[in-house]
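>>> Return atomic coordinates for the entry below.
(one chain, ligands or ions: 2)
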Amino acid sequence: MSTPLVFKFGGASIKNAQSMHNVASIIGRFNHRPMVVVVSAIGKMTNAFEEIVSKWSSGKFEEANTKIDAIATFHQQIINELFADPTEINEQVAAIISSIQAGLSRQDMTYSEGYDYIVHHGELISSRIIAAYVGIEEPTVWHDTRDLVKTDGQFRRATVQWDETSRAIRSNIVPDKINIVQGFIGSCPDGRPTTLGREGSDYTGAVFAFCLGADSLTIWKDVPGMLNGDPKTFANTQKIDALPYNEAIELAFYGASIIHPKTIQPLKKKGIPLHIKSFKDPSLPGTTIGDIDQPEPTVANFILKKNQILIQLSTKDLAFIAEHHLSAVYNLFAEQGVVVNLMRNTATRAMFCIDNDAIIVPKVLPKLTRQFDIELTSSVELLTIRHTNEEDEIRETGGLDILLEQRTPYTVQFVFKRF
Ligand code: ASP
Ligand code: MG
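Ligands and ions are numbered 1, 2, ... in the order given. The predicted model follows:
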């Protein structure tokens with residue numbers, strides 16, 4: 001088998017029939033085989049599935065069913081536009097819709113298990129539609145990623161079991177075809193569906209690329225490549241042509257949302273280049289992340305994380321913050337899945353800037369309060385500048401109420417509140 005090409009298409013690239021057609025024509029430009037195409041759920045469907053989860057978990061089954069009907073209709077309209085003869089794809093999608101409905105009556109699932117059960121159907125449907133549509137022109141095979149990506153049983157943030165996954169992927173990818181798979185999903189050892197965390201399909205792309213020793217991974221986006229900041233937030237952003245793996249890992253870590261943070265590491269391990277290209281204009285060169293020394297061009301990078309909460313802890317007995325305090329806090333955070341974006345401690349205080357997750361934070365706070373005096377500042381934002389210079393800093397932070405600032409040789413971070 002020659003080394004595969006792996007493509008990943010996210011929700012925005014397949015948001016309607018026209019975009020699906022565009023994706024099929026991009027795939028049609030490449031005759032490299034095998035090709036593996038990882039797809040997300042259509043458009044904002046994962047959010048729609050999350051609404052079903054919320055109805056299901058609060059026992060509002062009728063409302064959940066109404067939402068499932070709306071999702072079925074939405075997909076049906078796309079199918080009607082794409083297919084002259086939709087008989088087979090209709091049957092496949094109908095089976096997936098029944099499987100979602102069947103989940104509603106199950107009382108035996110925890111919230112997180114039920115979440116994965118319901119939400120993972122979005123990728124099953126989109127990948128079926130893409131496979132059927134691409135299959136009209138090209139030899140195509142659809143795989144069930146639950147049989148390929150094996151994970152542990154941590155629902156909503158499952159960890160890939162590399163050995164089993166690698167074996168399953170290698171023995172199932174068909175060399176002379178376009179292999180269509182779902183991003184974001186997998187299954188745990190007893191077969192129940194799991195997910196890898198929101199926006200996890202990029203990571204799935206890296207998992208397939210790694211296991212197959214792929215030629216490259218290409219993530220197709222609605223932007224011409226990676227920019228040095230989100231253009232919706234920052235003025236005068238610039239496109240980055242090339243970026244070393246380590247720099248991309250740092251940027252993703254600080255919250256550059258263009259790629260899922262876990263995506264780069266497996267690629268780096270095998271020296272597989274990652275291309276970020278525009279599905280709106282595939283002829284543009286995009287950005288390449290790989291084994292290179294210097295970013296091209298060398299510019300400062302700006303990353304803003306919104307919806308953060310700043311937690312300041314001090315001991316109840318006025319003791320200094322010591323290692324055992326921090327270790328207790330981090331154990332709790334690890335157990336509950338808290339994402340710490342910045343941490344700093346002084347003699348009597350430990351400060352954590354964390355994602356203000358609506359489910360996790362309310363669970364963690366009472367536990368912290370038992371052990372520490374806590375002070376909370378909600379609705380804060382975290383600005384990170386990599387390769388900063390004075391001019392950039394003054395421009396970006398002028399007039400902000402900075403609550404915390406942290407500096408390392410290449411990076412400066414500001415926690416602030418906007419008024
Ligand atoms: N559909 C999933 C999500 O929206 C996974 C992904 O898009 O990467 O989170
Ligand atoms: Mg998505």
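>>> Enumerate every residue touching whichever residue of the stretch 251-400 of the chain sits closest to ligand 1.
Evaluated by CB to the nearest ligand atom, the stretch 251-400 of the chain has His260 as its residue closest to ligand 1, separated by 6.9 Å. Yep, even glycine has a C-beta here, placed from its N, CA and C like the rest. Residues in contact with His260 (CB atoms under 8 Å, 6 or more residues apart in numbering) are Gly197, Glu199, Gly200, Ser201, Asp202, Tyr203, Ala252.
>>> Please repeat the previous calculation with a cut-off of 6 Å.
Residues near His260 by CB atoms under 6 Å, 6 or more residues apart in numbering: Glu199, Asp202, Tyr203.
>>> In three-state terms, label it for me.
Put simply, His260 is coil when judged by DSSP: H, G, I helix; E, B strand; the rest coil.
>>> before we move on, the earlier item: pLDDT check: weakest of the contacts of His260?
pLDDT across the contacts of His260 is lowest for Glu199, at 93.
>>> which residues does it contact?
Each residue near Glu199 by CB under 6 Å, 6+ apart is listed here: His260.
>>> phi, psi of it?
phi 60, psi 20 (degrees, to the nearest 10).
>>> Could you measure from it over to Ala41?
Distance of Glu199 to Ala41, computed by CB to CB, to the nearest Å: 11 Å.
>>> what do you get for Trp142?
Using CB to CB, Trp142 is found at 15 Å from Ala41.
>>> between the two, which one's more packed in?
For Trp142 versus Ala41, neighbours defined as other CB atoms under 10 Å are more numerous around Ala41 (28 against 18).
>>> Quick check: the gap between the more buried one and Cys353.
30 Å.
>>> same question, Val37
For Val37, the distance to Cys353 (CB to CB) stands at 38 Å.
>>> Then Asn228?
22 Å.
>>> quick one: buried residues of the helix or strand that contains Tyr330?
Assigned by DSSP states H and E, Tyr330 falls within helix 323-336. Within helix 323-336, the residues that qualify as buried are His325, Val329, Phe333, counting by 16 or more other CB atoms under 10 Å.
>>> again with stretch 124-139
Across stretch 124-139, burial judged by 16+ other CB under 10 Å covers Leu124, Ile125, Ser126, Ser127, Arg128, Ile129, Ile130, Ala131, Ala132, Tyr133, Val134, Gly135.
>>> if we can go back for a sec, redo the buried residues of helix 323-336 as TSV? Include pLDDT and distance to Gln18.
TSV is the format used below for those (pLDDT from 0 to 100; distance: CB to CB, whole Å):
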residue	pLDDT	distance to Gln18
His325	94	56
Val329	97	50
Phe333	96	44
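>>> Switch the residues you listed over to CSV; also include distance to Met20.
Below are the buried residues of helix 323-336 laid out as CSV (distance: CB to CB, whole Å):
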residue, distance to Met20
His325, 53
Val329, 47
Phe333, 40
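>>> Among these, which one lies nearest to Ile289?
When the buried residues of helix 323-336 are compared for distance to Ile289 (CB to CB), Phe333 wins out at 29.1 Å.
>>> got the contact list for the residue of the stretch 201-350 of the chain found nearest ligand 2?
Sorted by distance to ligand 2 under CB to the ion, the residues of the stretch 201-350 of the chain start with Ser201, at 6.4 Å. Applying CB under 6 Å, 6+ apart to Ser201 gives the contacts Lys8, Val38, Ser40, Gly183, Phe184.
>>> ok, so of the residues you listed, who is nearest Gln265?
Ranked by distance to Gln265 (CB to CB), the contacts of Ser201 are led by Lys8 at 16.0 Å.
>>> ok, the closest residue to the closest one other than its chain neighbours to Pro189 distance?
Excluding the flanking residues, the one nearest Lys8 by CB to CB, 6 or more residues apart in numbering is Gly205, at 3.7 Å. Applying CB to CB, the value for Gly205 to Pro189 is 23 Å.
>>> Now the helix or strand harbouring Pro366: buried residues?
Assessed by DSSP H and E, Pro366 sits inside helix 360-371. Residues of helix 360-371 classed as buried: Ile360, Val361, Val364, Leu368 (neighbour count, 16+ other CB under 10 Å).
>>> Show the backbone phi and psi for the residue of the stretch 201-350 of the chain found nearest ligand 1.
Residue nearest to ligand 1 within the stretch 201-350 of the chain: Ser201 (3.2 Å; CB to the nearest ligand atom). The phi/psi pair for Ser201 (degrees, to the nearest 10) reads phi -70, psi -30.
>>> what's the closest non-adjacent residue to Pro34?
With CB to CB, 6+ apart, the residue lying closest to Pro34 is Pro4, at 4.4 Å.
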